[in-house]
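Trainee: Output the structure for:
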Amino acid sequence: MQPTRRRQHWLSGLLLMASVARCSVATDDAVAETLRKEADGLAKQGSMNAALKKMASALGQASSTNAKVRLASGMLHARVNQMDTALSVYRDAIRVGEGVAGAEKYVAMAHNNVCVELDTRGEHDAAFQHCKMAARLPNFWYPHKTLGLISDKWSNVDEAKAHFLEAHKITRNDAIKLHATTILPLVYQSEADLQARKRTIESGVAAMLRSTVIIPDVLSDLITVPHFYSAFFGTNNVKIYRDIARVLLKSDVQKAPNDPLRLGYIAPFVTKLHRGGLSRVANRQRIRVGFSSMFFREHASGRMIQGIIAGLSRDRFEVIVFCLREKLGSPPYSGTVADRIRHRADKFIELPKPRGLAFLRSAIEAEMLDVLIFAEIGMDPANYLLAFSRLAPVQVVTHGHASTTGIPTLDYFVSYKPFELPGAQQFYSEKLVSFSDFSPYYRPELPAAIPTRAALVTDLDLDDVVTDNTIVFVCLQTLFKLTPNFDPVFGDILRRLPTARLVLKTFRSTKVNERLLERMRQSIPDVFDRITVLPSLSTRQWYGLLRHSDIVLDSYPFGGYTTTLEVLAAGSTPIVTLPHEQMAGRCTKGFFDILGIDDTVALTKTQYVDIAVRLGVDRAFRLGVEAQLETNSDALWERQGAMGEWEEFLEQVTNGSIVSNLHTRQPSWRRIRSKHKGTQSSQTKLKYTNR
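Mentor: From the prediction side, this is the model:
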């Protein structure tokens, strides 16, 4: 994930303040510098209002040519999301500092930060001009990094890579080199393009393993989790993920043994337990379990993990939640998911990431956990890097991000048998634990008034392309999940159904949308005019689309989980899915297996097309599938079968027992079928056991 703009402003400024000596031209500037430092200290403590007042005093003391204090003021306003004020003060810093001896770096950094903000606002040409102005300063690497981030966001990855490598030439910080090595486009031009880029990553990471690795502060320096987008390849990534982890751990070689910025940290209490042959802290009645993530809110990961946090028996388990936050002084998360997690936790601790990795680590270590569970690893650099430390005797990750990690200090990956093939252990660097059922999932809350199909078509300005006779297929996964080798599948469906239209979800970057559409224009030109990318949708429009579309097409090889459940909550729209061999592409099938539905589960791409076409032309078949979904889908919400297995697992790993749910057994649910007219398959009522 890309770093937030506030974090970019703040980190860039801290770097500059540390690297450039104070340049005072008068007594008032000396006072201003003292006040600036005091404001920075208050901000680090989270006292943002006091810091803003102190910085205002510093500005009042600063001379008319003091760009440094103006830059610092802009960064502080950016940290509290006062971006209009920040932009104004940055521009003032440029104005007063231009041509002033000693102010060159402050002016360059102000240009850089104006670039970041203007790009966020969509003023891309003006943004680039400011970044080029910043890059005029010799041996100043940060603008090259910013140009890389912007190019990356636009999916100009080759251009982005060149900018990152230019930044690396100057700073020699290998976090930037690692990002340049592992960078991937959001849209591949072809399957050959995808495979070539995968090979480039493998060779580049191998070269880094043969070299000295210098990363002074991994949390501040790492741009994103290096392998986030690799998860969507649909290949076995265990080796490359392990190699990336080894590259990061190599940076410890350049640090002193007691350096708090070392990545491979081991909590002393854990070392003591292991030396004593113990698996948990003694003399505690309850097992102490921690959960770590920055997504304990309305987010796919938060929705997946909330049922586990809420459901663990408080007679046997003490639950501590570590909520990572992007900035200091952030207001608490709000909403149903955030409130449920906060209120069910025995202790809820917010950890602002700007305090640094050592601070985050010490806060978790202080709780002396028996088990630490990472709700997801792969989407947030802080959670990813924390997992390299041994902060509890047992460390577990689950599928908030449906991918293994390659991190040696993670012991188990928890998944579910309906989502895994028998040989799935090969896809995990951790020991795979699979429960017979998936964790409790609360039914998504629907908006009060979902628009009708006719109203939705008009609202989305689709009247010219969607008529009463149009068969509306939707593929609602994020666009980077749409790999080139599935374009022909979409093309075949549209060719066989001349009245069909494929509707896709927009991406936050119009450049990415354009690149995907250009690829499809080349790969399926004869039906391209029947593909529509929607604008951003409101919650009402989103659920209206889920309810009123005719057929949902699951993506491949990385399919739906949250989206599938939202479709089932919104109504009974049929979903066509082609299971992949890995969990990330098997979740929809897993849900359908539990519900006893198999009519829309394909075994091949050809069968996927056949099922989609039949749903489009065979009304009785489609109505039968809809009836099954409407009858059975309630069985998916707040299922409790896995909670007993979670509790058994946590007790086993903390008392040294053999883990009974290592991935060897078959699902313990069973089906009771009764025939339903109009379908090939059957309507299913379910009974569940915890064998």
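Trainee: Before we move on, what's the pLDDT of the residue minimising distance to the centre of the chain?
Mentor: Of all residues in the chain, the one closest to the mean position by CA atoms, centre = their mean is Met379, 3.1 Å from it. Per-residue confidence (pLDDT) for Met379: 94.
Trainee: repeat for the one 5 residues further on
Mentor: The score at Tyr384 is 98. That number is its pLDDT.
Trainee: burial count for it?
Mentor: Using other CB atoms under 10 Å, Tyr384 has 26 neighbouring residues. In this view, the C-beta of every residue, glycine as well, is placed from N, C-alpha and C.
Trainee: burial measure for the nearest residue to it once chain neighbours are set aside, as a count.
Mentor: Nearest non-adjacent residue to Tyr384, counting by CB to CB, 6 or more residues apart in numbering: Val225, 4.8 Å away. Counted by other CB under 10 Å, the residues lying close to Val225 total 24.
Trainee: go on, the one 5 residues further on?
Mentor: Ser230: 20 surrounding residues under other CB under 10 Å.
Trainee: Look at it and give its secondary structure.
Mentor: helix (DSSP: H, G, I helix; E, B strand; the rest coil).
Trainee: Contacts only, for it.
Mentor: The contact partners of Ser230, taken as CB atoms under 8 Å, 6 or more residues apart in numbering, are 182, 184, 198, 201, 237, 240-241.
Trainee: can I get the residues you listed in a markdown table with distance to Ala32, neighbour count and pLDDT?
Mentor: Output for the contacts of Ser230, formatted as a markdown table (distance: CB to CB, whole Å; neighbours: other CB atoms under 10 Å; pLDDT from 0 to 100):
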| residue | distance to Ala32 | neighbour count | pLDDT |
| --- | --- | --- | --- |
| Thr182 | 42 | 25 | 96 |
| Leu184 | 45 | 21 | 93 |
| Lys198 | 52 | 16 | 94 |
| Ile201 | 47 | 22 | 96 |
| Asn237 | 51 | 22 | 95 |
| Ile240 | 50 | 21 | 97 |
| Tyr241 | 48 | 23 | 97 |
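Trainee: and the two most separated of those residues?
Mentor: Leu184 and Tyr241 (14.0 Å; CB to CB).
Trainee: circling back to that earlier point, could you measure from the residue nearest to Tyr384 over to Ala196?
Mentor: 22 Å (CB to CB, to the nearest Å).
Trainee: do the same with Ala627
Mentor: Ala627 is 47 Å from Ala196, by CB to CB.
Trainee: Quick check on those two: which one has the bigger neighbour count.
Mentor: Between Ala627 and Ala196, counted using other CB under 10 Å, the more crowded position is Ala627 (16 against 11).
Trainee: check which helix or strand covers that one.
Mentor: Using DSSP states H and E, Ala627 falls within helix 619-632.
Trainee: For that helix, C-alpha coordinates in CSV please.
Mentor: Extracted in CSV, the C-alpha atoms of helix 619-632 (Å, rounded to 0.1, in the frame of the first residue of the first chain):
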residue,chain,number,x,y,z
ARG,A,619,-34.5,-18.1,-16.9
ALA,A,620,-35.7,-21.2,-15.0
PHE,A,621,-32.1,-22.1,-14.2
ARG,A,622,-31.3,-18.7,-13.0
LEU,A,623,-34.4,-18.5,-10.8
GLY,A,624,-33.5,-21.9,-9.4
VAL,A,625,-30.1,-20.7,-8.4
GLU,A,626,-31.5,-17.5,-7.0
ALA,A,627,-34.0,-19.5,-4.9
GLN,A,628,-31.2,-21.7,-3.5
LEU,A,629,-29.2,-18.6,-2.5
GLU,A,630,-32.2,-16.9,-1.0
THR,A,631,-33.1,-20.0,1.0
ASN,A,632,-29.6,-21.0,2.2
